[in-house]
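> Need coordinates for the following:
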Amino acid sequence: MTPVTLISVFDVDRTLTRLPTYTLFLLRSALRNNPLRLLLLPALIPVALLNAAEILTRRQMKMAMHAVLLGRRIPAGTATSLADTFARHIHARGLLPEAVRRIGREQAEGRRVILATAAPELYARPLAGLLDIDDVVATRCTWQDGDLLATIQGENCYGPAKRDMLDAYLAEHGLPREAVHIRFFSDHASDLPMFDWVDEPIAVNPSAALTAIAKARGWPQFDWTSNRVRANA
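Coordinates of the predicted model:
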């Protein structure tokens with residue numbers, strides 16, 4: 001009988017971090033790389049409104065935000081420097097201590113830890129490295145002739161796409177779904193496709209919608225902002 005591989009998958013924004021990271025990354029990077037681009041922020045108001053009206057997808061909105069605040073293409077060296085700086089900032093100041101401890105416990109149990117996030121791999125990978133995590137499933141960046149482009153390669157790693165991308169990632173690494181046991185930590189109901197797909201769903205710092213779902217389904221709930229276990233009763 002083939003042994004089952006134990007895997008723990010962590011969402012990033014508001015699961016491991018105190019705040020969402022993508023807008024913060026763009027703002028901090030624009031301030032560091034080209035502060036004048038911050039004057040273009042009003043141009044993103046209609047983009048946000050179109051996304052709220054479901055005329056623009058989250059993927060399209062993220063690409064527009066990148067183009068406005070970082071530019072349509074920037075040299076790879078600049079992009080990686082901005083990403084590394086931001087990852088170090090989040091690692092030093094933006095992570096929830098209990099989240100970091102839980103990652104350590106999962107690793108100590110011999111579980112393979114994976115970050116699965118809609119954040120771009122550009123800074124998700126260096127952040128994972130700082131947490132001694134090798135496996136990352138994230139929104140893919142597009143590179144051309146040594147430059148980072150504002151376009152996303154493939155799908156935004158969000159909702160059903162996150163589940164599909166993780167499934168593909170496991171298969172690529174010789175780990176078909178039936179050969180693994182997956183424990184999944186996330187804060188948001190947008191990850192319901194993942195919660196329904198894994199073996200052990202765990203709601204962390206859950207949004208109101210996820211709190212209701214977790215309570216109805218009897219899933220464990222943790223508040224890592226205060227180190228409390230939430231009752232499901």
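
> show me what contacts the residue nearest the centre of the chain?
Geometric centre of the chain, nearest residue: T117, 2.2 Å, by CA atoms, centre = their mean. T117 sits next to D11, V12, D13, A124, V136, V137, A138, T139, C157, K162 when contact means CB atoms under 8 Å, 6 or more residues apart in numbering. The C-beta positions use only the backbone N, C-alpha and C, and glycine is treated the same way.

> Mind pulling the model confidence for the closest residue in space to the second one that isn't next to it in sequence?
Using CB to CB, 6 or more residues apart in numbering and skipping the chain neighbours, the partner closest in space to V12 is T117 (3.9 Å). We have a pLDDT of 98 for T117.

> Make sure T117 is indeed in a strand.
Yes: the assignment for T117 is a strand, going by DSSP: H, G, I helix; E, B strand; the rest coil.

> who's in contact with stretch 18-25?
Contacting residues not belonging to stretch 18-25 are listed as 12-14, 62, 65, 82-83, 86, 90, 94-96, 118-120, 123, 225 [CB under 8 Å, 6+ apart].

> and with 7 Å instead?
By CB atoms under 7 Å, 6 or more residues apart in numbering, the residues outside stretch 18-25 that reach it are V12, D13, R14, K62, F86, I90, G94, L96, A119, Y123.

> do stretch 41-61 as well
By CB under 7 Å, 6+ apart, stretch 41-61 touches A64, M65, V68, I152, N156, Y158.

> Check stretch 144-161 too.
The contact list for stretch 144-161 (CB under 7 Å, 6+ apart) reads 58-59, 62-63, 66-67, 70, 72-76, 79, 116-118, 137-143, 165, 190, 193.

> Distance check, the residue nearest to V12 against G71.
Distance of T117 to G71, computed by CB to CB, to the nearest Å: 23 Å.

> G154 too?
For G154, the distance to G71 - CB to CB - is 21 Å.

> Looking at these two, which has the bigger crowd around it?
Legend: neighbour count by other CB atoms under 10 Å for G154 and G71, higher for G71 (17 against 11).

> What strand or helix carries the more buried one?
Under the criterion DSSP states H and E, no helix or strand holds G71.

> May I see the contacts of T117 arranged in JSON lines, with neighbour count, distance to V47 and pLDDT as well?
Shown next, in JSON lines, are those (neighbours: other CB atoms under 10 Å; distance: CB to CB, whole Å; pLDDT from 0 to 100):
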{"residue": "D11", "neighbour count": "24", "distance to V47": "24", "pLDDT": "98"}
{"residue": "V12", "neighbour count": "26", "distance to V47": "23", "pLDDT": "98"}
{"residue": "D13", "neighbour count": "18", "distance to V47": "19", "pLDDT": "98"}
{"residue": "A124", "neighbour count": "24", "distance to V47": "23", "pLDDT": "98"}
{"residue": "V136", "neighbour count": "20", "distance to V47": "27", "pLDDT": "98"}
{"residue": "V137", "neighbour count": "21", "distance to V47": "26", "pLDDT": "98"}
{"residue": "A138", "neighbour count": "23", "distance to V47": "22", "pLDDT": "98"}
{"residue": "T139", "neighbour count": "25", "distance to V47": "17", "pLDDT": "98"}
{"residue": "C157", "neighbour count": "25", "distance to V47": "20", "pLDDT": "98"}
{"residue": "K162", "neighbour count": "26", "distance to V47": "23", "pLDDT": "98"}
